[in-house]
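Engineer: build the 3D model from these lines:
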Amino acid sequence: MSNTSYLAQTSVPLIWPLIAVVGALVATRHSPSRAAALETWQRWWAVVALGFGSLWMTFAFFTVPKVMATAIGFDSTPFQFEIAFANLGLAVMGFRAVSASARERITIGLGAGMFLWGALIGHVYQWFAHGDHAPGNTGGVLVCDLLLPAVMIALAYRAQRLSTPQPGTSKLLSSNMSDSSHAAGSRQA
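Structural biologist: Predicted coordinates for the structure are as follows:
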């Protein structure tokens, strides 16, 4: 396999995160606030990167299992059927995350991480223990397995932090409000 062919094949999984990033960048150009921009990023990442990326893997493992096995560097196995359904579960979680709270999105990211980070460990093990350098075992798939859940969790955590008052902030706000109402009351007297 030529270097160009290998690079093209190993980069295919990166299409979905790339579309999510470009879509979020375009959609947030004129965003009214940081919170609105963050919400847009979370939705693009959930639907496109996790949802459609996992749905694409579902169809690939269902429709061309031998091609997928070859791309990963494995023989065909009945477990590919199970991998298809695991990816379908990830797709459903990604689509569900569109209307989820930050806490739910963190949980969805952790759920996706359990499968994808486990797959990442398996890919790296096959790479180093057995010299599996197949395009579906190294490269883009490693980046996706690491980043899809990590970015989802990071974005949701940031959204949760933005929506939660920081310690001391509420005292400061209530102190300022009572000072201003006290000052307004003394001006009226």
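
Engineer: so which bits of the top helix by length along the chain are buried?
Structural biologist: With secondary structure taken from DSSP state H, the chain has its longest helix at helix 102-130. The neighbour-count check on helix 102-130 (16 or more other C-beta atoms under 10 Å) flags 102, 105-109, 112-113, 115-117, 119-120, 123, 126-127 as buried. Just so you know, the C-beta spots here come from the backbone N, C-alpha and C atoms, and that holds for glycine as well.

Engineer: mean confidence score for the helix or strand that comes right after it?
Structural biologist: Scanning forward in sequence from helix 102-130 by DSSP states H and E, the next helix or strand is helix 140-163. When pLDDT is averaged over helix 140-163, the result is 96.

Engineer: show me what helix 140-163 is in contact with.
Structural biologist: With C-beta atoms under 8 Å, 6 or more residues apart in numbering as the test, helix 140-163 has contacts from 10-14, 16-17, 34-35, 38-39, 41-42, 45-46, 49-50, 53, 97, 102-103, 105-106, 108-110, 112-113, 116-117, 119-120, 123-124.

Engineer: what do you get for stretch 87-104?
Structural biologist: Counting contacts by C-beta under 8 Å, 6+ apart, the residues outside stretch 87-104 that touch it are 42-43, 46-47, 49-55, 57-58, 61, 105, 108, 111-112, 115-116, 152, 156-157, 159-160, 163.

Engineer: and that stretch, end to end?
Structural biologist: With C-alpha to C-alpha, to the nearest Å applied, stretch 87-104 spans 19 Å between its terminal residues.

Engineer: now that stretch: buried residues?
Structural biologist: Residues of stretch 87-104 classed as buried by neighbour count (16+ other C-beta under 10 Å): N87, L88, L90, A91, M93, G94, F95, A97, A100, A102.

Engineer: ok, how many other residues are close to A36?
Structural biologist: Counted with other C-beta atoms under 10 Å, the burial measure for A36 works out to 12 neighbours.
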